[in-house]
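Participant: Give me coordinates for this.
(chains A and B)
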Amino acid sequence: MLVPVLAIGALGVVAVMGVVAAFIITGWLGQPVPVLGFEQTFDQPIDFPHTVHASLKQLDHIPADGQSMSGLGLDCTFCHRTVTTQANAGVPPVGFCATCHQVIGAADNEQLTILRDAADIIGDDGAEPVNWQRVHRLPDHVRFVHEPHIRYLTQNPSEIKNSTDGVTEGPSGVCSTCHGNVAAMEQIEQVESLKMGQCVDCHRDNGAPTDCVACHH
Amino acid sequence: MTTAEFGSHNWGMVVDVDKCIGCNACVIACQAENNIPINTQDRVERARSISWIRVERYWEGDFPDAKARFIPIMCQHCENAPCEPVCPVYATYHNSEGNNVQVYNRCVGTRYCANACPYIVRFFNYWEPVWPESLRNHLNPDVTVRSRGIMEKCSFCVHRIRRGSRQARSEGHEVVDGAIQTACSTACPTSALNFGNFNDPNSKVSKMKEDQRHYTLLDQFATDPNVIYLAKIDADKKVGAGEAATHG
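Facilitator: Next up, the predicted model:
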């Protein structure tokens, strides 16, 4: 009489624990939060080093020609041109990369070969876009616009968090608040959770609207 | 504080029924602007069609002296909205800018709000929306595509409001009257639909709603809508403001 009751009870406990475990596992795997190393980062079609382009420091990165070099210290807006005026930061077209890289960089550099092939500088199979993997991705029901955020943080530098290699002025100085120190990243990864709680906290601290339709519409 | 702050407006619409010619341009404009699924014949027959704004047609008089009358009806953005208190998850509420807001990611699809709405302007997504391959790139990126199980309704083109006030803040001035327009009011060839800020006494809509022809739909329910109608003028038949109110 007692045994079947205990068996059913044990089954119930196992079932509940299974459901809880499923939630936790999907939560971890589904979130871009760095929990136990689940950082959201992707291997890109070209190993684009933000260090070389954006950093102001002497680099550990050794280019193909073996000589040590310092970062170029380009402003973020040099490539992400629409970030101060539009919703999207924008990834430059291949032709834009090619304006420098048809001359700069060793001819036998494997990564640059991919780029030059895509830009049709070498080969004759026509220009084609590079299929970059998006790292910072918001859900479909969120409408994020870069322009007002860049503008506000530029006007209120005290609210800037993190730092891009010590840069505090201009658009590059403010990007680090959400994107971290991109200039130190060989491969871009998401360092902030960029979940709604973080957005709302910052909006509340800075007197920005916390109305739902500010972002959800 | 900078200008064009959030909450400093009360958005509303004045619909001059006298100017409406029933062309349905507003319906098409809304459909395209707001990523509304295509209403197939099958869906219309099952009363499952979605149109945030519709033009209701009715006849006055008998043939051959019949007159076609039109009235565009969209969400009335009631200050005292019947749909809001019935939502168990606070997915629809009245924000500080006078909009009756539908938050898609909060909605769990109880459909209580659609039952409560006396204007029948709330629509439920019974299916996942699909578009033919030829329309793959036509979706408006500023508007969320509603998935199955979500209630939706006219938003007063809130994405256009957000964009307009963002531009005004960026340029450091107040939102200019008429700068923010909804898709339907832009498309209206006779300016029957007028969108603007009721908080500004000098705005076009504030002046229009002082017209003695003004009335609101179903005002016996005291919903206090933000959509004001101006009654039809008929040379043959004197229609006063009070009488016109029974049209709804």
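Participant: Chain B against chain A: which residues are in contact?
Facilitator: Residues of chain B lying close to chain A (C-beta under 8 Å from any C-beta of the partner chain) are B:6-7, B:93, B:95-97, B:99, B:101, B:103-106, B:142-145, B:155, B:158-159, B:162, B:166, B:169-170. (C-beta placed from N, C-alpha, C; glycine too.)
Participant: cutoff 7 Å now
Facilitator: Proximity of chain B to chain A (C-beta under 7 Å from any C-beta of the partner chain) is limited to residues B:6, B:95-96, B:99, B:101, B:103-105, B:142-145, B:155, B:158-159, B:162, B:166, B:169-170.
Participant: and B:Val101, what are its bridge partners?
Facilitator: Legend: beta-bridge partners of B:Val101 under DSSP bridges are B:Tyr93.
Participant: what about it, how many neighbours?
Facilitator: Neighbourhood size, B:Val101 [other C-beta atoms under 10 Å in any protein chain shown]: 21.
Participant: Could you pull up the residues touching it?
Facilitator: With contact taken as C-beta atoms under 7 Å, 6 or more residues apart in numbering or on different chains, B:Val101 is in contact with A:212-213, B:92-93, B:95.
Participant: Return the closest of the residues you listed with respect to B:Asn115.
Facilitator: Looking at the contacts of B:Val101 and their distance to B:Asn115, the nearest is B:Thr92, at 12.7 Å (C-beta to C-beta).
Participant: Distance of that closest one relative to B:Tyr229?
Facilitator: The gap separating B:Thr92 from B:Tyr229 is 23 Å, by C-beta to C-beta, to the nearest Å.
Participant: cool, B:Ala68 as well?
Facilitator: Counting by C-beta to C-beta, the separation of B:Ala68 from B:Tyr229 is 17 Å.
Participant: Between the two, which is the more surrounded one?
Facilitator: Between B:Ala68 and B:Tyr229, counting by other C-beta under 10 Å, B:Tyr229 is the more crowded of the two (27 against 10).
Participant: other SSEs contacting the host helix or strand of that one?
Facilitator: When secondary structure is defined by DSSP states H and E, B:Tyr229 falls within strand B:227-230. The contact analysis (3 or more C-beta pairs under 7 Å, 6 or more residues apart in numbering or on different chains; DSSP states H and E) places strand B:227-230 against strand B:11-16, strand B:214-215.
Participant: Poorly predicted segments of chain A, please.
Facilitator: Filtered on pLDDT under 70, chain A yields the residue ranges A:1-2, A:27-40, A:60-67, A:164-171.
Participant: In terms of helix, strand or coil, where does A:Lys161 fall?
Facilitator: Assigned by DSSP: H, G, I helix; E, B strand; the rest coil, the conformation of A:Lys161 is coil.
Participant: now the helices and strands packed on strand B:227-230 in TSV, with mean neighbour count?
Facilitator: Listed next are those as TSV, based on neighbours: other C-beta atoms under 10 Å in any protein chain shown:
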stretch	mean neighbour count
strand B:11-16	24
strand B:214-215	18
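Participant: Mean pLDDT and distance to A:Val130 for those - can I get that in JSON lines?
Facilitator: As requested, those are arranged in JSON lines below (pLDDT from 0 to 100; distance: least, C-beta to C-beta, whole Å):
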{"stretch": "strand B:11-16", "mean pLDDT": "95", "distance to A:Val130": "43"}
{"stretch": "strand B:214-215", "mean pLDDT": "94", "distance to A:Val130": "58"}
